[in-house]
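>>> Kindly generate the corresponding structure for this input.
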Amino acid sequence: QVQLHESGGGLVQAGGSLRLSCAASLPTFGTDTLGWFRQAPGKEREFVAAVSWTGGSTNYADSVKGRFTISRDNAKKTVYLDMNSLKPEDSAVYLCAAARLLTPQTMETQGADSWGQGTQVTVSA
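Numbers count the residues shown, from 1 in each chain. The predicted structure is shown next:
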């Protein structure tokens, strides 16, 4: 059973920073593409960022490029999302995702095989 558990969400003022973490119990963690998606109330789930199993390839949504950084530590089976210069429109539930046969680029449009429960990020104006 794949498990992804997010942490690090919270309330922050606009312009502030947060670091999200996702701990995974995946037998294939070392070879999975990992990513983050988000979903705001009344909106569809949207892609945020993804990283290849080596960490050498990443992909970001245009809305977060230059502000967010995704990284992973395979030894700790954890993926991170460092979020800087946060805006109110970044407020959403952030979900960790894993996919076996996708690249960071194809995860953007094809989604994932496994999902976490999500962590709430709220950015106040």
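>>> I'd like to know how far Gln110 sits from Cys22.
19 Å (C-beta to C-beta, to the nearest Å). Yep, even glycine has a C-beta here, placed from its N, CA and C like the rest.
>>> actually Ile70, not the one I typed
Counting by C-beta to C-beta - Ile70 and Cys22 are separated by 10 Å.
>>> Need the residues touching each of those two.
Residues touching both Ile70 and Cys22 (C-beta atoms under 8 Å, 6 or more residues apart in numbering) are Leu34, Trp36, Val79, Tyr80, Leu81.
>>> tell me the pLDDT at the residue lying closest to the first one once chain neighbours are set aside?
Take Leu34 and drop its neighbours on the chain: the residue closest to it by C-beta to C-beta, 6 or more residues apart in numbering is Val79, 4.3 Å away. With respect to pLDDT, Val79 has a value of 96.
>>> Could you confirm Val79 falls within a helix?
No: applying DSSP: H, G, I helix; E, B strand; the rest coil, one finds Val79 to be strand, outside a helix.
>>> ok, the most centrally placed residue in the chain - contacts?
The centroid of the chain falls nearest to Trp36 when counting by C-alpha atoms, centre = their mean (2.0 Å). Residues counted as contacts of Trp36 (C-beta under 8 Å, 6+ apart) are Leu20, Cys22, Val48, Ala49, Ala50, Ile70, Val79, Leu81, Tyr94, Leu95, Cys96, Ala97.
>>> where's the first one, which helix or strand?
If I follow you right, that is Leu20. Per DSSP states H and E, Leu20 falls inside strand 18-25.
>>> cool, and the last one?
Secondary structure from DSSP H and E places Ala97 in strand 92-99.
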